[in-house]
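1. Got a predicted structure here, sequence first:
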Amino acid sequence: MHERIIAVNSNTYHGFGIEQAIAGIADAGFHAIELTATKGWTEHVFPTMSFHELCRIQDLLSDKNLSVVAMSGHCNLMDSRRVPDFVDNIKLAHFFGTQTIVSSVGEAHPKDRTNGTESSLLANISTFLPLLETYGMRLVLETHGSAGTGAAIDKLVKDIASPLVGIAYDTANVIYYGGVKDLSDLASCIDDVRYLHVKDKAGSPETWNFPALGKGYVDFPGVFALLDENNNDAPLSVEIEFTDAPRSLKTVDDAVRDSATYLKNLGYRL
């Protein structure tokens with residue numbers, strides 16, 4: 001039996017409430033969650049929520065025995081106007097007791113297309129480092145958008161040169177955004193990978209189709225073997241994103257359960 005932290009990204013329940021996400025993830029047998037706080041996309045938790053509401057969500061998580069492994073706090077880190085938003089997301093992540101916050105480098109969702117220079121990105125990230133250090137947290141930058149490969153993110157991480165910043169490697173985004181077709185990209189940056197979105201890919205590379213684990217063609221046994229060979233114990237966060245919308249809650253719940261079964265069949269304990 002393999003031992004590794006395995007969560008489910010609540011963004012899997014995009015379009016549904018946090019209550020449905022918590023219930024579905026727990027009922028599938030998982031014991032960890034990545035909470036999503038992405039402005040204008042999935043706001044399962046958000047800094048503008050009342051303290052009472054945030055505490056209610058904490059209680060729901062506790063009742064279902066779900067620990068918060070990370071927060072998906074995506075902001076466009078190239079846009080200096082979003083710096084205060086990301087600071088709030090760091091504080092929100094700290095409130096929920098997680099030591100990992102995830103963000104893309106550029107656009108966080110389709111409405112946010114502001115581009116910036118690498119120097120502005122590095123400057124913006126540098127402003128977060130003292131707060132991350134104070135809270136004992138790590139920022140992991142996701143393979144996403146124009147920085148859609150591990151190699152691209154790894155260059156940024158090495159330029160930042162802080163132990164507080166690493167890579168969130170998304171196994172399907174590197175296909176969709178980066179055109180990656182094998183494990184060489186992950187191998188090239190594995191020393192800086194601190195977190196993974198384990199997401200499957202079906203259809204052509206440019207098709208938005210990210211089904212339950214085992215329903216696509218991502219080589220997860222190869223991914224996990226590469227992590228083990230390099231003594232990389234980064235947590236895994238299952239993420240499922242559908243092509244059909246609206247979809248039923250049962251469709252999402254079934255996909256989460258199918259993903260749990262797939263991981264257990266590979267010898268992983270949830």
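-> Nice, I can see it. Residues are numbered from 1 along each chain as shown.
2. what about the closest residue to residue 190 other than its chain neighbours, distance to residue 25?
-> Spatial nearest neighbour of residue 190, excluding adjacent residues (CB to CB, 6 or more residues apart in numbering): residue 230 at 5.0 Å. Yep, even glycine has a C-beta here, placed from its N, CA and C like the rest. To residue 25, residue 230 is 28 Å away according to CB to CB, to the nearest Å.
3. More neighbours: those two, which one.
-> Using other CB atoms under 10 Å as the criterion, residue 230 and residue 25 rank with residue 25 on top: 28 against 13.
4. what about the more buried one, which SS state?
-> Judged by DSSP: H, G, I helix; E, B strand; the rest coil, the three-state class of residue 25 is helix.
5. Mind listing residues that contact stretch 130-143?
-> 70, 74, 77, 87, 90-91, 93-94, 98-105, 125, 128, 147, 149-150, 152-153, 156-157, 164-170, 173-174, 177-178, 194-195, 197 (CB atoms under 8 Å, 6 or more residues apart in numbering).
6. Drop anything exposed from those.
-> Buried by 16 or more other CB atoms under 10 Å: 70, 74, 77, 90, 93-94, 98, 100-105, 125, 128, 147, 149-150, 152-153, 156-157, 164-170, 173-174, 177-178, 194-195, 197, out of those.
7. Counting only strands, which of those residues make the cut?
-> Secondary structure defined by DSSP state E assigns 70, 100-103, 165-170, 194-195, 197 of the buried ones among the contacts of stretch 130-143 to strands.
8. out of these, who's nearest residue 257?
-> Closest to residue 257 out of these is residue 197 (18.7 Å), distances taken as CB to CB.
9. That closest one pairs with what?
-> When assigned by DSSP bridges, residue 197 has beta-bridge partners residue 170, residue 237.
10. picking up where we left off before, now render the ones in strands among the buried ones among the contacts of stretch 130-143 as JSON lines, adding pLDDT and distance to residue 188.
-> Below are those laid out as JSON lines (pLDDT from 0 to 100; distance: CB to CB, whole Å):
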{"residue": "70", "pLDDT": "98", "distance to residue 188": "23"}
{"residue": "100", "pLDDT": "98", "distance to residue 188": "22"}
{"residue": "101", "pLDDT": "98", "distance to residue 188": "24"}
{"residue": "102", "pLDDT": "98", "distance to residue 188": "21"}
{"residue": "103", "pLDDT": "96", "distance to residue 188": "21"}
{"residue": "165", "pLDDT": "98", "distance to residue 188": "18"}
{"residue": "166", "pLDDT": "98", "distance to residue 188": "15"}
{"residue": "167", "pLDDT": "98", "distance to residue 188": "11"}
{"residue": "168", "pLDDT": "98", "distance to residue 188": "16"}
{"residue": "169", "pLDDT": "98", "distance to residue 188": "11"}
{"residue": "170", "pLDDT": "98", "distance to residue 188": "15"}
{"residue": "194", "pLDDT": "98", "distance to residue 188": "15"}
{"residue": "195", "pLDDT": "98", "distance to residue 188": "17"}
{"residue": "197", "pLDDT": "98", "distance to residue 188": "18"}
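11. Fine by me, we can end here.
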